[in-house]
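Novice: sequence and computational prediction follow.
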Amino acid sequence: MTARGTQSADALAFLRQSKLRMLILSAVLVIPCVWHLRVEAGDLASHIYNAWLAQLIEKGQAPGLYIAKQWSNVLFDVLLLRTANLVGIAAAEKIIVSICVLVFFWGVLAFIQKVTERPPWFLAPCIAMLAYGYSFSMGFMNYYLSLGLACFGLAILWRGPGIDWIAGGLIAALVWLAHPIGFLWLLGTLAYVKVRAKLPGWWKLALPLLAVSVFAAVRWYAARRPTLMADWDRGPFYFYNGADQLGLYGKRYFFLAAAAFLFGVVCVAVDLYGRQREGSSWKAFELPLELYLVTFCATALLPENLRPSIYGGWIGLLGSRLTSITAILGLWLLGCLKPRRWHLAGFGVCAVVFFAFLYQDTGWLNRLEANAEKLVSDLPPGTRVIATIWAPPGSRINFIGHAVERACIGHCFNYANYEPASGEFRVRVRKGSPVATFSSDDAQDMAWGEYEVDETDIPMKQVYQCDASDLAKLCIRELKAGEANGRIGYKPASARWFSFEWRVLACGRAWDSMASSESTLREADWESRISAGRRGLPDGPAIAVWRTRFD
């Protein structure tokens, strides 16, 4: 009870002393959520569109769609829908996204404060950049929210007395509702730390070696199971060190990420040198460095993309999103430093440059979406639309085509909507629905511009980029039966190349499945197997086509 009282008193004292600073920081943090008419964050637009579909389902106005009972990967969507029912879609987007940003920022700060036993105010610029980093900008909102909540859970359960496990259990339940990866990270970190504390001396090294061995075994298994269609196509593994979360819309972000990472290394080196001269202990750095290296190995060894079932959606960009956790652990390592004013100044300059870049690029995306709204605003209600929209060369945020979905709210239906077809979200589709395709493969082909329009699809329109010199300029046209939906419009050469590679890899998967005892493949399944590999990938190194076997 004494420990419980001391912990509560410390928390209340911190809130009293820092409430003004917290209010000001919170107000500044949500500025990127309101500085444009729309929040631009990749897949977020799809979440918004599907919240609108959920409203239509509740009113019986979305034929063929239904809401499935689901207990994970749903928290953001439920909050969004409930808020939208009260204040409307546009206001709900701003409110819930702002809450998610604040949960993530203050969750990470609370976690670092707990493990370092002092408020890491000098790291506020770094946490703010991470809050709007790759995971947020790609629109992985349930995953993003789960990490923020998991950080609060870790802060509560780190060294808290038994009664704190009640509050921690409630937080863990929310984390699970948000996303399973955040839940696994929360439990895995707690278990790792508890077990490590009981191991004597050099036996502590057995734990990181065991963890890395497990990740290596997963890589070995996935690489030898062609039916998983696993790949590690994300570039050199050493780039994915946590700083890559700042790499968003072009090369200039990667230069900034490199500068921020090197500045952090300099901060650590200077601090360690000072400690050596003073005879101070380095012990505080051991655990965060160990966990950072284990997580770094996980992102290097785990697949980037895989598809366990040809009838389901992809588990995509796994390693790229996991570097959010790597970055949080890296900030814990920096939080062990003795704070200096030049630390805050250096990270502050990086943050100013980062958010200046972000304002410019999200402004361009707002212009693209405004053009989409103009095109679809006069369409007859219920018109089916598919979009072939490509990110500018060098951009790492590739889901900008979802902007057309948000533009469709109240005007049209995006027939290529991947969420219902994937079976991984609350909104699901039945075969024959006029609102969304039933096939996740067809949804991928439509996004790629390789879908052959069927008679039953008509009438349907295509929104596409019609000026290669200005990718924000969009056009719309009527599609005809028998044509490929991407026959007209801008399409980067790299997209054509990767499309060919994945067709070849899909053929290899089909052949391997037939040659194995997995199942007997009917002739009608061939097209499904072949098209299973069609999807979009960012620019990067070519995958190894040599693995594919032909009859």
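Specialist: Sure, I can see it. Numbers count the residues shown, from 1 in each chain.
Novice: and the closest residue to residue 491 other than its chain neighbours, what does it touch?
Specialist: Distances taken as CB to CB, 6 or more residues apart in numbering place residue 449 nearest to residue 491, at 5.9 Å, with adjacent residues excluded. Yep, even glycine has a C-beta here, placed from its N, CA and C like the rest. Residues in contact with residue 449 (CB atoms under 8 Å, 6 or more residues apart in numbering) are 388, 464, 484-487, 489, 491.
Novice: now do 10 Å
Specialist: 386-390, 462, 464, 484-491, 495-496, 499 (CB atoms under 10 Å, 6 or more residues apart in numbering).
Novice: same thing with residue 192?
Specialist: Contact analysis of residue 192 by CB under 10 Å, 6+ apart lists 207-208, 210-211, 287, 290-291, 294.
Novice: just the buried ones from those, in ChimeraX syntax?
Specialist: Applied in ChimeraX, the following selects the buried portion of these according to 16 or more other CB atoms under 10 Å:
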select :207,208,211,287,290,291,294
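Novice: export the contacts of residue 192 as JSON lines, with columns for pLDDT.
Specialist: As requested, the contacts of residue 192 are exported to JSON lines (pLDDT from 0 to 100):
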{"residue": "207", "pLDDT": "92"}
{"residue": "208", "pLDDT": "92"}
{"residue": "210", "pLDDT": "94"}
{"residue": "211", "pLDDT": "93"}
{"residue": "287", "pLDDT": "93"}
{"residue": "290", "pLDDT": "94"}
{"residue": "291", "pLDDT": "95"}
{"residue": "294", "pLDDT": "95"}
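Novice: stretch 156-168: how far from the chain's middle?
Specialist: 29 Å (CA atoms, centre = their mean, to the nearest Å).
Novice: and for stretch 265-275?
Specialist: Centroid separation for stretch 265-275 versus its chain: 32 Å, with CA atoms, centre = their mean.
Novice: could you do stretch 139-155 as well?
Specialist: Taking mean C-alpha positions (CA atoms, centre = their mean), stretch 139-155 and its chain are 11 Å apart.
Novice: list the buried residues for that stretch?
Specialist: 139-155.
Novice: with stretch 448-463 instead?
Specialist: Residues of stretch 448-463 classed as buried: 448-451, 453, 457, 460-463 (neighbour count, 16+ other CB under 10 Å).
Novice: just curious, which of these is nearest to residue 91?
Specialist: Set against residue 91, the nearest of those by CB to CB is residue 463 (25.8 Å).
Novice: give me the contacts around stretch 355-367.
Specialist: Taking CB under 10 Å, 6+ apart as the rule, stretch 355-367 contacts 28, 31-32, 35-42, 45, 125, 128-129, 132-133, 137, 246, 248-250, 252-253, 256, 391-392, 395, 397, 400, 403, 470-473.
Novice: wait, a strand at residue 404?
Specialist: No. Counting by DSSP: H, G, I helix; E, B strand; the rest coil, residue 404 is not part of a strand but helix.
Novice: which one is it nearest to, not counting chain neighbours?
Specialist: residue 387 (3.9 Å).
Novice: so the one you found: helix, strand or coil?
Specialist: Using three-state DSSP, the structure places residue 387 in strand.
Novice: wait, it touches residue 418, no?
Specialist: No. Checked against CB atoms under 10 Å, the pair residue 387 and residue 418 is beyond contact range at 11.8 Å.
Novice: these two: which has the busier surroundings?
Specialist: It is residue 387, of residue 387 and residue 418, that has more neighbours when counted by other CB atoms under 10 Å, with 29 against 25.
Novice: the more buried one and residue 82, how far apart?
Specialist: 28 Å (CB to CB, to the nearest Å).
Novice: picking that back up, taking the contacts of residue 192, tell me the two that lie furthest apart.
Specialist: Among the contacts of residue 192, 210 and 287 lie farthest apart (CB to CB), at 16.0 Å.
Novice: closest one to residue 22 out of the buried residues of stretch 448-463, please.
Specialist: Within the buried residues of stretch 448-463, the smallest distance to residue 22 is 42.9 Å, found for residue 463 (CB to CB).
Novice: wait, a helix at that closest one?
Specialist: No. Remark: residue 463 does not belong to a helix; assigned using three-state DSSP, it is strand.
Novice: pull the contacting residues for the nearest residue to it once chain neighbours are set aside.
Specialist: Distance criterion CB to CB, 6+ apart; nearest residue to residue 463, sequence neighbours excluded, is residue 387 at 4.4 Å. The contact partners of residue 387, by CB under 10 Å, 6+ apart, come to 372, 376, 400-405, 407-408, 414-416, 446-447, 449, 461-465, 474, 476, 485, 489.
Novice: now the helices for the stretch 401-550 of the chain?
Specialist: Using DSSP state H, counting those that start in this stretch, the helices of the stretch 401-550 of the chain run over residues 403-408, 418-422, 440-448, 493-515, 526-531.
Novice: my bad, the stretch 201-350 of the chain
Specialist: Taking DSSP H, counting those that start in this stretch to define them, one finds helices in the stretch 201-350 of the chain at 206-223, 251-278, 286-301, 318-335, 341-376.
Novice: compare the ones you listed and give me the one nearest residue 237.
Specialist: Nearest of those to residue 237, taken as CB to CB: helix 286-301 at 3.9 Å.
Novice: now that closest one against helix 206-223, angle please.
Specialist: Relative orientation of helix 286-301 and helix 206-223, computed by axes from the mean of the first three to the mean of the last three CA atoms, to 10 degrees: 10 degrees.
Novice: tilt between helix 286-301 and helix 318-335?
Specialist: 160 degrees.
Novice: give the other helices and strands that helix 286-301 contacts.
Specialist: Judged by 3 or more CB pairs under 10 Å, 6 or more residues apart in numbering; DSSP states H and E, the packing partners of helix 286-301 are helix 89-116, helix 180-198, helix 206-223, helix 318-335.
Novice: nearest to residue 437 among these would be which one?
Specialist: The closest of those to residue 437 is helix 89-116. By CB to CB, the value is 22.9 Å.
Novice: buried ones in the closest one?
Specialist: Applying a neighbour-count criterion of 16+ other CB under 10 Å, one finds 89, 92-116 buried in helix 89-116.
Novice: go on, stretch 58-65?
Specialist: Going by 16+ other CB under 10 Å, stretch 58-65 has these buried residues: 62, 64-65.
Novice: how about residues contacting that stretch?
Specialist: Contacts for stretch 58-65 (CB under 10 Å, 6+ apart): 50, 52-57, 67, 81, 85, 382, 413, 417, 420, 427-436, 438.
Novice: list only buried entries from these.
Specialist: 50, 52-55, 57, 67, 81, 413, 417, 420, 427-429, 433, 435-436.
Novice: just the ones of these in strands?
Specialist: 67, 413, 427-429 (DSSP state E).
Novice: most widely separated two among these?
Specialist: Using CB to CB, the two most remote members of those are 67 and 413, lying 16.6 Å apart.
Novice: so which of the buried residues of stretch 58-65 belong to strands?
Specialist: Using DSSP E, the subset of the buried residues of stretch 58-65 located in strands is residue 65.
Novice: out of the buried residues of stretch 58-65, which is nearest to residue 308?
Specialist: Comparing the buried residues of stretch 58-65 against residue 308 with CB to CB places residue 65 closest, at 24.6 Å.
Novice: low-confidence ranges in this protein?
Specialist: For the chain, the stretches flagged by pLDDT under 70 are 1-15, 161-162, 279-280, 310-313, 494-551.
Novice: shared neighbours of residue 387 and residue 418, anything?
Specialist: 402, 405, 446-447.
Novice: got a markdown table for those, with neighbour count too?
Specialist: Converted to a markdown table, the shared contacts of residue 387 and residue 418 look like this (neighbours: other CB atoms under 10 Å):
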| residue | neighbour count |
| --- | --- |
| 402 | 27 |
| 405 | 28 |
| 446 | 28 |
| 447 | 24 |
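Novice: can you put those in a markdown table and add distance to residue 362?
Specialist: Below are these laid out as a markdown table (distance: CB to CB, whole Å):
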| residue | distance to residue 362 |
| --- | --- |
| 402 | 14 |
| 405 | 17 |
| 446 | 25 |
| 447 | 21 |
